[in-house]
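Q: take a look and give me a structure for this.
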Amino acid sequence: MAQKKPFALRIDERLMKAVEKWASDEFRSTNGQLEWLIHDALKKAGRLPGRKSPEDKEGND
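A: Here you go, the predicted structure:
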């Protein structure tokens, strides 16, 4: 498993409450939910390390 790097996050209180509620609804910790959201966004954008971009997958050079 990759080593985790701690960092401080400043976030709007309303956004944080929404993330906490979502995490609770999915039985995740708030930190786990934020990690999942970031991972999902990176995956959809084709920006995960070692992954091709969506454009590369479609064969657009």
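Q: alpha carbons only for contacts and neighbour counts from here, please
A: Fine.
Q: now stretch 3-15: how far from the chain's centre is it?
A: 12 Å (C-alpha atoms, centre = their mean, to the nearest Å).
Q: residue nearest the centroid of the chain?
A: Central residue of the chain (C-alpha atoms, centre = their mean): residue 38, 1.2 Å from the mean position.
Q: and it, what's its pLDDT?
A: On the pLDDT scale, residue 38 is placed at 96.
Q: how close does it get to residue 50?
A: 16 Å (C-alpha to C-alpha, to the nearest Å).
Q: same question, residue 39
A: Taken as C-alpha to C-alpha, the span from residue 39 to residue 50 is 13 Å.
Q: list the buried residues in the biggest helix by length in the chain.
A: Assignment by DSSP state H gives helix 30-44 as the longest helix of the chain. Neighbour counts over helix 30-44 (16 or more other C-alpha atoms under 10 Å) mark 30, 33-34, 43 as buried.
Q: closest to residue 4 out of these?
A: residue 34 (13.2 Å; C-alpha to C-alpha).
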